[in-house]
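In: Here is a sequence together with a model predicted from it:
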Amino acid sequence: MENQAVLGTEHSATVLYLAFELSRKNWKLGFSDGRMPQVRQVTVGAGDLKRCQEEIEKAKQRFGLKGEVAVRSCYEAGREGFWLHRALTEMGIENQVVDAASIEVNRRQRRAKTDRMDVQKLVRQLIRYWRGEQEVWRVARVPSAEDEARRQLHRELETLKEEKKQHQVRIHSLLFTQGIDVKVRRHFLKKLEGLRMWNGQPIAADLGRRIQNEWDRLQLVEAQIREIQKQQSEQVRTADKQTVVEKVRKLQQLRGIGMGSSWVFVMELFGWRKFQNRRELAAAIGLTPTPYNSGDSVREQGISRAGNRRVREQAIELAWSWLRFQPNSELSHWYNTRFGGGGARMRRIGIVAMARRLMIDLWRYVEFEAVPKGAQLRKTATVANA
């Protein structure tokens, strides 16, 4: 609606459209005034904002744009993140960060693809977008610099937990090659010297050193995990009620919700995104259905998965926990009535539907103080590390 309000004055105003095709070494810029069919293209060094500003001024002269000129730009979301968006915004440019997967493509098996063709297409679609074709692509929501920084703690924790698994599996695999099958647990190092290979001989010195080094790296990762979990607990315990962390504390008041899920839900979603309705929320998570109904072919293709992966995974995992810790809630009764008597496949399908409903209930609880029906609150405020 906001864009449509701008469109009424766009034909009388002067607009320069700019698309970026980004790469590691060079950026290709495409310019158009929305009237001439030709797209002006130039190449600049990656990250050279001063040169970009110079090319914008040259493009204005090339297209004969005088007076106050509005510049509207776009680029595909990728490894550059949002720093370019913030830089363009500071330059007075109205930028759109586009979901690359939503851009229309030719469906032929073999299609030509070059940076030159891509930037031309982006410019033309940018013009269509600002002329009212809102469905031409999907625009990514850009968090503030502060909101983006808050994501780092739990994302680092996610990475460290993956590294912990890798170290454990590597140690186990090294021992398994010598006929030793042992769990890599807390007191593993004490058992290492007493382990014997398939022929009853002690572990070779070189292999032992490698296992020892791997164990040392595992200990470092575990120490970093404990430090991050400590930071999260400290923030929840000491945060002011007006901060985003208060929402984490609020979610933990519900039984069955611990630090891991509540932190991810708030920092990735509830802490900075505003939703108008439940459909917007489900779409942001990727839990919307994708029906296929064409002619005589009618089938359901499953959920879209075109949303925040971390929140979606946590939501499905939390749905299983909700059945255990909130068995008397209305949502648990709904699941058990509809899917509880089915087979394993039916229950897996049902848990995804339950996860969608659960996230809607949590959103209403965080934003509007609406406790999920039948859900139990913790009697005392505690910080859970689950």
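Out: Everything's here; your move.
In: Can you tell me what sits against stretch 239-257?
Out: The contact list for stretch 239-257, computed with CB atoms under 8 Å, 6 or more residues apart in numbering, reads 147, 150, 235-236, 258-259, 261-263, 265-267, 270-272, 318, 321-322, 324-326, 362, 365-366, 371-372, 375-378, 381-384. Heads up, the C-betas are built off the backbone N, CA and C, glycines and all.
In: can you check stretch 102-122 too?
Out: Outside of stretch 102-122, the residues within contact range by CB under 8 Å, 6+ apart are 19-21, 23, 28-30, 39, 41, 74-76, 98, 125, 136-138.
In: Let me know the next secondary structure element after the lowest-mean-pLDDT helix or strand in the chain.
Out: Using mean pLDDT, DSSP states H and E, helix 2-10 stands out as the lowest-scoring helix or strand of the chain, at a mean of 45. If you walk from helix 2-10 toward the C-terminus, the next helix or strand you reach (DSSP states H and E) is strand 14-22.
In: which residues touch that following strand?
Out: With CB under 8 Å, 6+ apart as the test, strand 14-22 has contacts from 27-34, 46, 56, 59-60, 63, 65-76, 78, 80, 84, 93, 115, 118-119, 122-123, 126-127, 130.
In: Just the buried ones among the residues you listed, please.
Out: Buried members of the contacts of strand 14-22, counted by 16 or more other CB atoms under 10 Å: 27-34, 56, 59-60, 63, 65, 69-76, 80, 84, 93, 115, 118-119, 122-123, 126-127, 130.
In: which residues of the stretch 251-386 of the chain score low on pLDDT?
Out: For the stretch 251-386 of the chain, the stretches flagged by pLDDT under 70 are 380-386.
In: Would you point out which residue is most central in this protein?
Out: Taking CA atoms, centre = their mean, the centroid of the chain lies closest to N308, which sits 3.9 Å from it.
In: I'd like to know how far it sits from R155.
Out: Applying CB to CB, to the nearest Å, the value for N308 to R155 is 12 Å.
In: For the helix with the most length in the chain, name the packing helices and strands.
Out: In the chain, with assignment by DSSP state H, the single longest helix is helix 205-238. Packing partners of helix 205-238 (3 or more CB pairs under 8 Å, 6 or more residues apart in numbering; DSSP states H and E): helix 152-176, helix 188-192, helix 245-251, helix 259-265.
In: Kindly recompute the last result at 6 Å.
Out: Helix 205-238 makes packing contacts with helix 152-176, helix 245-251 when contacts are defined by 3 or more CB pairs under 6 Å, 6 or more residues apart in numbering; DSSP states H and E.
In: Mind checking these for the one nearest to M346?
Out: Proximity of these to M346 was assessed by CB to CB; the nearest stretch is helix 245-251, lying at 29.0 Å.
In: The protein: strands as residue ranges?
Out: For the chain, applying DSSP state E gives strands covering 14-22, 26-32, 40-45, 69-76, 94-98, 289-294, 297-303.
In: Throw those into TSV and include distance to T159, thanks.
Out: Formatted as TSV, the strands of the chain follow (distance: least, CB to CB, whole Å):
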stretch	distance to T159
strand 14-22	25
strand 26-32	29
strand 40-45	31
strand 69-76	25
strand 94-98	24
strand 289-294	30
strand 297-303	25
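In: Of all the ones you listed, which one comes closest to N213?
Out: Among those, the nearest to N213 by CB to CB is strand 14-22 (39.4 Å).
In: tilt between that closest one and strand 94-98?
Out: Put simply, strand 14-22 runs at 40 degrees to strand 94-98, going by axes from the mean of the first three to the mean of the last three CA atoms, to 10 degrees.
In: and the angle from strand 14-22 to strand 69-76?
Out: Strand 14-22 runs at 20 degrees relative to strand 69-76, counting by the same axes, to 10 degrees.
In: Count the neighbours of R131 for me.
Out: If you count neighbours by other CB atoms under 10 Å, R131 ends up with 15.
In: Check I225 too.
Out: For I225, using other CB under 10 Å, the count is 16.
In: low pLDDT regions in the stretch 1-150 of the chain?
Out: If you take pLDDT under 70 as the line, the stretch 1-150 of the chain has these spans: 1-13, 109.
In: repeat that with 90
Out: For the stretch 1-150 of the chain, the stretches with pLDDT under 90 are 1-14, 35-38, 66-68, 101-115, 134-135.
In: Quick check: can you list the domain ranges of the chain?
Out: With automatic domain parsing as the criterion, the domains of the chain are listed as 2-142, 149-238, 245-368.
In: Tell me which of those domains is the most buried.
Out: Of all the domains of the chain, domain 245-368 carries the top mean neighbour count, a mean of 17, counting by mean count of other CB atoms under 10 Å.
In: what's the offset of that one from the middle of its chain?
Out: Domain 245-368 sits 15 Å away from the centroid of its parent chain (CA atoms, centre = their mean, to the nearest Å).
In: And the contacts of stretch 62-76?
Out: By CB atoms under 6 Å, 6 or more residues apart in numbering, the list of residues contacting stretch 62-76 from outside reads 14-20, 22, 33, 40, 60, 88, 93-96, 98, 100, 126.
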